[in-house]
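Q: only the shape, not the letters, is given here:
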Ligand code: MSP
């Protein structure tokens, strides 16, 4: 059977300013689909690029004292650098300033002119330079552009027009016959009613600037934005230059665009293609926007979030995950740094990272790091296997429906199920009983095989993490794997794992946000320095000092000598000098200092001794839905089995640290006296695990 092809495009971005996380979303989203289709063994062509012509760029270059080309060269280089950092696997990056594109655009213009679909007339009306768009007076809002809200300019000039109105009936018929053409379906009616209101002929040339592709039959005109920009999708695959390549890829399987330019792609572009006698793309998907609490990101508001700053602090995959997970199909999504960190901590550090880290630790401890051959499966093993198989199908189905966010939900359901399976099958208990060796082997194999499948599935979304997880499992040649490798049982018994650092260390929310809060303008990522004082990923990885710090506190896990009461006023009403002296003597902290420490109630699910450390116990706890591991110096006071089921108080926002090679994600609280007595802090009433302690 012939190999299936998949041709996917992003919009080509204007190099009039730098890219923000909204642009990053579109490109990461397309990259995910491209990677997924490659994994399925399809022949994929993934196109992105830059839309370089127009008055806005010409003016910006002038202001910068550069030629337009020199100006865009610099900005386009930053686009490409960003895509590299985000691991965007595009097959071609098209620039509209390239000669290959000029030739195609001029030929298209000439054909349409020769066949009478382009004619010369006079344009009189309103023009929005930022949007590069003409606007009928009836659509203006208080005299401003209806799309961006900025002032429009009145222009009157001789222009060429494309007879778009002529193609309206055929376009309507196409939309009706192909309900999948416009995505999401909810936008289809909007487009249909726009067409039904009557399409005006489209102005396709300008004389007010010269930075563009000259009209082939009239040198004083340059071809105006949409014919130039949209045709990139044809140029890049050899239209009019390489028939075999062109007919291999066209029609595009999906053009992915933001909702603001859906109209151009589902009305203007199809009309141009119909006039050219070229098939229409199979689908156009208009996604929602990434917005801030304060509304739209805009350069003038100074609230544009720079993806580079976030990659510096959190890594590319964390940003990819956040964007893919937060933007629901066709909906807008909110970005906030807190939201980003919460996602990283909950989904990446706790769920995903922990699943690998604890499993690989157990494999090391119970099976010498070698994947065992499974024995006879029990019902819960088969259930998990079935879920893994269903997840493969579900992720595929969701991505076929263009829903990257729900595809991730499916994948995380499997990750959650693996964690739960570990909790309920308790490999640490099985490991204690030599008679249960076969059962332990089955459980460990089931866990590791699930994690192998998760690593492969995750690769389309999180390419770095997928590869890293794969290598930690002791596997090779990640990039060469295909969907066939998703079949259950692919993991060979005898594989030697290579456990490394956790895939995603937890981020210290308070520290990371504190950096932001000291920056001018709340969300002002563009102004934020990308490192200084910021919480770097490497600092989470159990540095010597933090380990020591934790060891020290673990030896004395009781509250400070003079604990501040939560109800206490933050500063004593006394003269400054006295206040200072008091502070020093009794080590007073303010209520704000106290608020920095998040205390929570956790339930102990499992406990065991830490090998080679006679004072340490390792606890698996749940904090609400969340699972954590805590290492505590209480082995002399409590037997592991006495702790299971207890609700204990923990410091929830303590930096994770390694104690004797084990990650501790928090610290439990205990009271200890000079006589050597120690008691865990707990609650007398029934309060849910995860509850805040204030
Ligand atoms: N050059 C045109 C596209 C031509 S395609 C033949 C253009 N460029 S753009 O740089 O202004 O925008 C590119 C894309 O970024 C658009 O799809 C737009 O919707 C998207 N986004 C701009 N801001 C966005 C968000 N805040 N969130 C998500 N996408 C956003 O339009």
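A: Here it is on my side, so go on. Not measured: the values here are computed from a predicted model. Numbers count the residues shown, from 1 in each chain.

Q: quick one: mean pLDDT for stretch 205-213?
A: Across stretch 205-213, pLDDT averages out at 93.

Q: and if you look at stretch 2-13?
A: Stretch 2-13 carries an average pLDDT of 95.

Q: just stretch 404-413 next, same as before
A: Confidence for stretch 404-413, expressed as mean pLDDT, is 98.

Q: what's the answer for stretch 86-106, then?
A: On average, stretch 86-106 scores 98.

Q: that stretch and the ligand in contact?
A: No. Contact of stretch 86-106 with the ligand (CB under 6 Å from any ligand atom) is absent, the minimum separation being 8.9 Å. Yep, even glycine has a C-beta here, placed from its N, CA and C like the rest.

Q: how far does that stretch sit from the chain's center?
A: Chain-centre distance of stretch 86-106: 25 Å, with CA atoms, centre = their mean, to the nearest Å.

Q: from one end of that stretch to the other, what's the distance?
A: Stretch 86-106 has its terminal residues 34 Å apart, counting by CA to CA, to the nearest Å.

Q: buried residues, that stretch. List them.
A: The neighbour-count check on stretch 86-106 (16 or more other CB atoms under 10 Å) flags 86-90, 93-98, 101-102, 104-106 as buried.

Q: out of those, which one sits closest to the ligand?
A: residue 96 (8.9 Å; CB to the nearest ligand atom).

Q: quick revisit: among the buried residues of stretch 86-106, name the ones in helices.
A: Among the buried residues of stretch 86-106, the members found in helices (DSSP state H) are 101-102, 104-106.

Q: for these, which one is nearest residue 493?
A: residue 101 (54.5 Å; CB to CB).

Q: show me the contacts for that closest one.
A: Contact analysis of residue 101 by CB atoms under 8 Å, 6 or more residues apart in numbering lists 94-95, 213, 228, 231-232, 235.

Q: distance to residue 135 for those residues - can I get that in a markdown table?
A: Shown next, in a markdown table, are the contacts of residue 101 (distance: CB to CB, whole Å):
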| residue | distance to residue 135 |
| --- | --- |
| 94 | 28 |
| 95 | 28 |
| 213 | 23 |
| 228 | 19 |
| 231 | 23 |
| 232 | 24 |
| 235 | 28 |
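
Q: of those - the most surrounded one?
A: residue 228 (27 neighbours; other CB atoms under 10 Å).

Q: which stretch of helix or strand covers it?
A: Residue 228 belongs to helix 225-230 when assigned by DSSP states H and E.

Q: mind giving me the packing neighbours of that helix?
A: If contacts are counted by 3 or more CB pairs under 8 Å, 6 or more residues apart in numbering; DSSP states H and E, helix 225-230 sits against helix 99-114, helix 269-276.

Q: check which element follows it along the chain.
A: Of the helices and strands lying after helix 225-230 in sequence (DSSP H and E), the nearest is helix 232-235.

Q: residue 648 reaches residue 599, doesn't it?
A: No. Here residue 648 does not reach residue 599: they are 10.7 Å apart, not a contact under CB atoms under 8 Å.

Q: need the pLDDT of the residue of the stretch 1-150 of the chain found nearest the ligand.
A: The ligand sits closest to residue 22 of the stretch 1-150 of the chain, with a gap of 2.2 Å, by CB to the nearest ligand atom. According to the per-residue confidence, residue 22 scores 97 in pLDDT.

Q: that one should be in a helix, yeah?
A: Yes. Under DSSP: H, G, I helix; E, B strand; the rest coil, residue 22 sits within a helix.

Q: now do the strands in the stretch 51-200 of the chain.
A: Using DSSP state E, counting those that start in this stretch, the strands of the stretch 51-200 of the chain run over 92-95, 118-128, 133-135, 153-162, 182-183.

Q: return the most buried member of those strands.
A: strand 182-183 (a mean of 24; mean count of other CB atoms under 10 Å).

Q: give the pairing partners of that strand; include direction for each.
A: Strand 182-183 pairs in its sheet with strand 284-287 (parallel), by DSSP bridges.

Q: for the helix or strand that the strand it pairs with is followed by, packing partners?
A: Downstream of strand 284-287, the next assigned helix or strand under DSSP H and E is strand 290-292. On a contact count with 3+ CB pairs under 8 Å, 6+ apart, strand 290-292 meets helix 21-39, strand 333-335.

Q: and the first one, how far out from the chain's middle?
A: With CA atoms, centre = their mean as the basis, helix 21-39 stands 10 Å off its chain's centre.

Q: contacts for the helix or strand that that helix is followed by, please.
A: The first helix or strand that comes after helix 21-39 along the chain, using DSSP H and E, is strand 43-50. For strand 43-50, contacts defined as CB under 8 Å, 6+ apart pick out 3-10, 12-15, 27, 30-31, 34, 37-38, 72, 75-76, 79, 83, 88-96, 232-233, 236-237, 248-249.

Q: interface residues of the stretch 251-400 of the chain facing the ligand?
A: Where the stretch 251-400 of the chain comes near the ligand, counting by CB under 6 Å from any ligand atom, the residues are 257-258, 260-261, 289-290, 297.

Q: output those as TSV; include the columns distance to residue 682 and pLDDT.
A: Below are those laid out as TSV (distance: CB to CB, whole Å; pLDDT from 0 to 100):
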residue	distance to residue 682	pLDDT
257	56	98
258	52	97
260	55	94
261	58	96
289	47	97
290	43	97
297	47	89
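
Q: and the residues you listed, which of them are in strands?
A: Cross-referencing those against strands under DSSP state E gives 257-258, 290.

Q: got JSON lines for the residues you listed, with distance to residue 619 too?
A: Shown next, in JSON lines, are those (distance: CB to CB, whole Å):
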{"residue": "257", "distance to residue 619": "50"}
{"residue": "258", "distance to residue 619": "47"}
{"residue": "290", "distance to residue 619": "39"}
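
Q: which of the residues you listed tops the neighbour count?
A: In terms of neighbours by other CB under 10 Å, those top out with residue 290 at 24 neighbours.

Q: could you find the closest non-adjacent residue to that one?
A: Once flanking residues are discounted, residue 290 sits nearest to residue 22: 4.4 Å by CB to CB, 6 or more residues apart in numbering.

Q: that neighbour reaches residue 287, doesn't it?
A: No. Between residue 22 and residue 287 there is no contact under CB under 8 Å: 9.7 Å.

Q: for the closest residue to residue 168 other than its chain neighbours, the count of nearby residues, please.
A: For residue 168, ignoring the flanking residues on the chain, the nearest one in space by CB to CB, 6+ apart is residue 199 at 4.8 Å. By other CB under 10 Å, 18 other residues sit near residue 199.
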